[in-house]
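Asker: make a model of this:
(2 chains)
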Number of protein chains: 2
Amino acid sequence: MTKDGWIKNLRKQKGLIFADVSDGSCAQKLQIVIPKNLTSDSLTYGSSVHITGKLSKSPRGQLELVADDVKVLGTCVVLDGYPFNPRTPHPPEYGRQFLHLRPRTNYTSAVLRVRSAVTKHIYDYFAAHNYTNIHTPILTSNDCEGAGEVFKIQPDSEETVKAMMQEGKDKDSVYFGTKTFLTVSGQLQLEAVCRGMGNVYTFGPTFRAENSRSRLHLSEFYMLEAELAFCETLQHLQAAIEDLMKYVFIQTWNSNEADLFLIDKENKPPLWLDKEFVTLTYDEAKQILEKKGSLFTEEGINKEQELTLVEHCNGLPVFVVKWPKAMKSFYMKECSEDSKKVDALDLLTPITGEVIGGSLREDNYDKLKSKLPSDRLNWYLELRKFGNIPTGGYGMGLERLLQVLCNVNNIKDTLPFPRWPHNCSM
Amino acid sequence: MTKDGWIKNLRKQKGLIFADVSDGSCAQKLQIVIPKNLTSDSLTYGSSVHITGKLSKSPRGQLELVADDVKVLGTCVVLDGYPFNPRTPHPPEYGRQFLHLRPRTNYTSAVLRVRSAVTKHIYDYFAAHNYTNIHTPILTSNDCEGAGEVFKIQPDSEETVKAMMQEGKDKDSVYFGTKTFLTVSGQLQLEAVCRGMGNVYTFGPTFRAENSRSRLHLSEFYMLEAELAFCETLQHLQAAIEDLMKYVFIQTWNSNEADLFLIDKENKPPLWLDKEFVTLTYDEAKQILEKKGSLFTEEGINKEQELTLVEHCNGLPVFVVKWPKAMKSFYMKECSEDSKKVDALDLLTPITGEVIGGSLREDNYDKLKSKLPSDRLNWYLELRKFGNIPTGGYGMGLERLLQVLCNVNNIKDTLPFPRWPHNCSM
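Answerer: Numbering: from 1, shown residues only, chains lettered A, B, ... in the order given. Below is the predicted model:
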């Protein structure tokens, strides 16, 4: 048989070279036994090789490839500036300086395989539950919907701008005839499709132009958003979220255990896989925190408080439900029993705090009209006018989910090409 | 049982109302039999309903729901401005004026279900073939790589711009410290990951800031890009492409035949599903076209010529391979037998012409260095310096594939929210 891959490790023993070779597709490496006469100076850590040989069992019963022929495809000389070596442990911050080369490290390749697996499990889950996958747009003329700061776009070419310029337009609106932003959420568009096609979801890039460099924020990240048709209660929504979370965690521990241990050898499947998530109302959460001496503001629950609540619930994920209206978005449904509250939820977990946010959507035309932040959203209001249905939905940040699953402290290590202020290399 | 959905059609007969109800998740509708005493004025085309009843067989043997109770959830009054009705055929251009409501039409919902199915089949294909799914970034500091015009981005908030401004920077580079664009292709980043993880692919939004309103162009579209590790020949690449294309077409005809007929009742599975694709060199293609009296320029093969070639090959997909170097991108590998040509390919099909483009990648460090268009791509060159491997890859426009599969003339009807010059609503 033949094996293509990269040398991950080399050991000399009794006139033989033992090389661990990986093709990058899984955590496992194949041990290659190389007779001395087949080695060369170019056979080094990091080099790419094409090995021909016979598969056999080592004295310890492990499969290994005994080489008949070794061809070095690409050399790798550390002295020429290759930033990694097999003996030094490289902290994740170090790898971030070499985005183009870090997929060659065990750590980053394991994270990216887990990310790919989680992505696949999410698609499988929604297909099995009969949701339609909708590609909501990145470019949008909607204002920011109160979800934070946005990026705006323009054609780069001055020639294009000149050719398309019309009277009364500025550069920001010359191309599309309207000021155009990068999406902060596909929810509003998803709601439009849901009111014709039933359960739908979208899973793709989302943007924030915030000047934040925290371990939990990125300027570009992946968001999963689902909208459930004929959804009338928060319990309905919570059950769907809990089911998805457990499915993804169980499937990924089944499919990628070796990768999860490569990332953190102390990691283990979370305690809550066979337990019910906790539900607290916002008022209950506030009481618990105030008893612990935590100060409250009108901003809602801060990161430290989120993590305190999860700890209080013994590390179980916590739904915080029924939030004060003023803290949440215009489209959230007023609670039937308390007009100062909305049927919103946050799901809190260890490590990241909030990982999912969701709500029932206001389906009363007049109530929605009175809260609509902009005439540009008249189309959204009109959804309630024709064949309207009750819906609810949620959004989940993929990178935060990966932090929880992989036990990764900094969000920048959960994706191949992180973007944050002053960092957009490649 | 109960059924939630929208009224697609109403017929009165012998004191009964027959209603076709769809929940939007598939092409099929359920016939509801409603006794006259359960009807009301609000039970109209387009209204949303919750039906309780008993499933039984009609005299013709068809399943139908005999209603015990009918609840109208959301009324739909055409006179209030609902733009669709069941008796008028609505051409696709008409639907494009009502992006928020057109998912309620049979045509658009069928297209979106096919799009969702194709997407799922693509993920399944690559998972089964052991490719890792990589989320390449939307935001990039790479220049345009010669792939056409680009959009640039800025924070929208003047406050953010002010707070982040540094000396010597302009607004375009204030946020990331470098001018930042929307991606035109994830290929270069994918090549970096491939050189550590083996076969990889990316599937997501891509952008062009061109002032083009043709039936084949969008400003935002979905692109599938795959990079094959240890790929040394165009034949290897062509076999992978042909296998994928046939898989996606066969699977989608199996999973969504009813939707494909809803979109175009004359559509049928293409002739080529069990035939080999044709391969022509660029020189052969040129000869064929010149014999037919077609004029050649240095721009390559135009759209009309592409379609002529496909017709010449009896409607079979045609690979055109080995292109003049000057017509193609800097990263394409020089042919070993002719240094004026590169190992590039275009795949041409009926309706759209080019649907896939690909190449082997130049893996000779010195040759690549001499063609590198910008110092900003030094990281790309460096990929060839450490443990390099031969790779090849391709990019496929999802919307064009959907045009071919669904027999849709205008690309704007293959996605939920098309963006093109002066059109970015919602």
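Asker: use CA for all of it now, contacts and neighbours both
Answerer: Fine.
Asker: can you pull the contacts of A:D172?
Answerer: A:152-154, A:178-180 (Cα atoms under 8 Å, 6 or more residues apart in numbering or on different chains).
Asker: grab the nearest non-local neighbour of the residue of the stretch 1-150 of chain A found nearest chain B.
Answerer: Going by Cα to the nearest Cα, chain B is nearest to A:G24 of the stretch 1-150 of chain A, at 3.6 Å. Of all residues beyond its chain neighbours, the one nearest A:G24 is B:M197 (3.6 Å), with distances taken as Cα to Cα, 6 or more residues apart in numbering or on different chains.
Asker: for the one you found, phi and psi?
Answerer: B:M197 adopts backbone torsions of phi -120, psi 0, taken as degrees, to the nearest 10.
Asker: find the nearest non-adjacent residue to A:L260, please.
Answerer: A:C406 (6.0 Å).
Asker: picking up where we left off before, just the ones of the contacts of A:D172 in strands?
Answerer: Using DSSP state E, the subset of these located in strands is A:152-154.
Asker: between these, which is nearest B:K286?
Answerer: Closest approach to B:K286 among the ones in strands among the contacts of A:D172 (Cα to Cα): A:Q154, at 38.4 Å.
Asker: before we move on, the earlier item: let me see the contact set for the residue nearest to A:G24.
Answerer: A:23-25, A:103-104, A:109, B:132.
Asker: try it again at 10 Å.
Answerer: Counting by Cα atoms under 10 Å, 6 or more residues apart in numbering or on different chains, B:M197 touches A:5-6, A:22-26, A:103-106, A:108-110, A:112-113, B:131-132, B:191, B:229.
Asker: what about A:S116, neighbour count?
Answerer: 19 (other Cα atoms under 10 Å in any protein chain shown).
Asker: can you give me the pLDDT of it?
Answerer: Listed pLDDT for A:S116 reads 98.
Asker: which SS class is it?
Answerer: Under the three-state scheme (DSSP: H, G, I helix; E, B strand; the rest coil), A:S116 adopts helix.
Asker: mind listing the helices for chain A?
Answerer: Assigned by DSSP state H, the helices in chain A fall at A:92-95, A:106-128, A:158-164, A:187-197, A:234-263, A:282-291, A:303-312, A:365-371, A:378-382, A:398-406.
Asker: which of those sits most buried?
Answerer: helix A:187-197 (a mean of 26; mean count of other Cα atoms under 10 Å in any protein chain shown).
Asker: quickly note the distance from the residue lying closest to A:S212 once chain neighbours are set aside to A:E210.
Answerer: Leaving aside its chain neighbours, A:S212 sits nearest to A:P421 (7.0 Å; criterion: Cα to Cα, 6+ apart). Distance of A:P421 to A:E210, given as Cα to Cα, to the nearest Å: 8 Å.
Asker: same check, this time on A:Q62
Answerer: 51 Å.
Asker: can you check A:L262 too?
Answerer: 33 Å.
Asker: show me how chain A divides into domains.
Answerer: As assigned by automatic domain parsing, chain A contains the domains A:2-86, A:107-148+A:184-413.
Asker: can I get those domains in a markdown table with distance to B:T75?
Answerer: Putting these into a markdown table (distance: least, Cα to Cα, whole Å) gives the following:
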| stretch | distance to B:T75 |
| --- | --- |
| domain A:2-86 | 53 |
| domain A:107-148+A:184-413 | 5 |
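Asker: B:L345 is nearest to which of those?
Answerer: Per Cα to Cα, nearest to B:L345 of those: domain A:2-86, 24.6 Å.
Asker: hang on, the earlier thing: what's the most buried one of the domains of chain A?
Answerer: Greatest burial across the domains of chain A, using mean count of other Cα under 10 Å, falls to domain A:107-148+A:184-413, with a mean of 20.
Asker: can you give me the end-to-end span of that domain?
Answerer: 9 Å.
Asker: could you do stretch A:92-112 as well?
Answerer: Termini of stretch A:92-112 sit 13 Å apart (Cα to Cα).
Asker: ok, now how distant is A:K171 from chain B?
Answerer: Using Cα to the nearest Cα, to the nearest Å, we find A:K171 at a distance of 12 Å from chain B.
Asker: so who does that residue touch?
Answerer: Contact analysis of A:K171 by Cα under 10 Å, 6+ apart lists A:153-155, A:158, A:161-162, A:164-165, A:177-179.
Asker: for A:L402, same thing?
Answerer: Per Cα under 10 Å, 6+ apart, neighbours of A:L402: A:111, A:114-115, A:118, A:249, A:352, A:355, A:408, A:411, A:413-415.
Asker: my guess is A:V193 contacts B:P103. True?
Answerer: Yes - using Cα atoms under 10 Å, A:V193 is in contact with B:P103, at 5.5 Å.
Asker: which neighbours do those two share?
Answerer: Common neighbours of A:V193 and B:P103 are listed as B:24, B:109, B:112, B:416 (criterion: Cα under 10 Å, 6+ apart).
Asker: A:E266 is in contact with A:N407, isn't it?
Answerer: Yes - with contact defined as Cα under 10 Å, A:E266 reaches A:N407; the gap is 9.1 Å.
Asker: so which of the domains of chain A gets nearest B:K333?
Answerer: Taking the domains of chain A one by one with Cα to Cα, domain A:2-86 is closest: 16.5 Å.
Asker: what is the mean pLDDT for that closest one?
Answerer: According to the model, domain A:2-86 has a mean pLDDT of 94.
Asker: just the pLDDT for A:Q166.
Answerer: Model confidence at A:Q166, given as pLDDT, is 82.
Asker: I'd say it and A:G177 touch.
Answerer: Yes - using Cα under 10 Å, A:Q166 and A:G177 qualify as a contacting pair, with a distance of 8.7 Å.
Asker: which one's more surrounded, those two?
Answerer: For A:Q166 versus A:G177, neighbours defined as other Cα under 10 Å are more numerous around A:G177 (20 against 14).
Asker: OK, contacts around the more buried one?
Answerer: A:141, A:164-166, A:169-171, B:421-425.
Asker: contacts with chain B among the contacts of A:L402, please.
Answerer: A:114-115, A:415 (Cα under 10 Å from any Cα of the partner chain).
Asker: let's have these in TSV, adding distance to A:V321.
Answerer: Formatted as TSV, the ones next to chain B among the contacts of A:L402 follow (distance: Cα to Cα, whole Å):
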residue	distance to A:V321
A:V114	31
A:R115	29
A:L415	30
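Asker: ok, how many other residues are close to the residue nearest to A:S212?
Answerer: With other Cα under 10 Å as criterion, A:P421 counts 17.
Asker: wait, what's in contact with it?
Answerer: With the criterion set at Cα under 10 Å, 6+ apart, A:P421 makes contact with A:209-213, A:218-219, B:164, B:174-177.
Asker: what's the answer for A:L216, then?
Answerer: By Cα under 10 Å, 6+ apart, the neighbours of A:L216 are A:303, A:351-353, A:399-400, A:403, A:409-412.
Asker: distance-wise, check it relative to A:V408.
Answerer: 11 Å.
Asker: shared neighbours of these two, which are they?
Answerer: Counting by Cα under 10 Å, 6+ apart, the residues touching both A:L216 and A:V408 are A:351-352, A:399-400.
Asker: A:N142 versus the residue lying closest to A:L188 once chain neighbours are set aside, what's the distance?
Answerer: Nearest residue to A:L188 in three dimensions, chain neighbours excluded: A:Y380, at 7.1 Å (Cα to Cα, 6+ apart). To A:N142, A:Y380 is 10 Å away according to Cα to Cα.
Asker: which neighbours do these two share?
Answerer: In contact with both A:Y380 and A:N142: A:188-189, B:426, using Cα under 10 Å, 6+ apart.
Asker: of all the residues you listed, which comes closest to A:V77?
Answerer: Distance to A:V77 across these (Cα to Cα) is lowest for A:Q189, with 51.2 Å.
Asker: go ahead and confirm the closest one touches B:P416.
Answerer: Yes - in terms of Cα under 10 Å, A:Q189 counts as a neighbour of B:P416; the distance is 9.0 Å.
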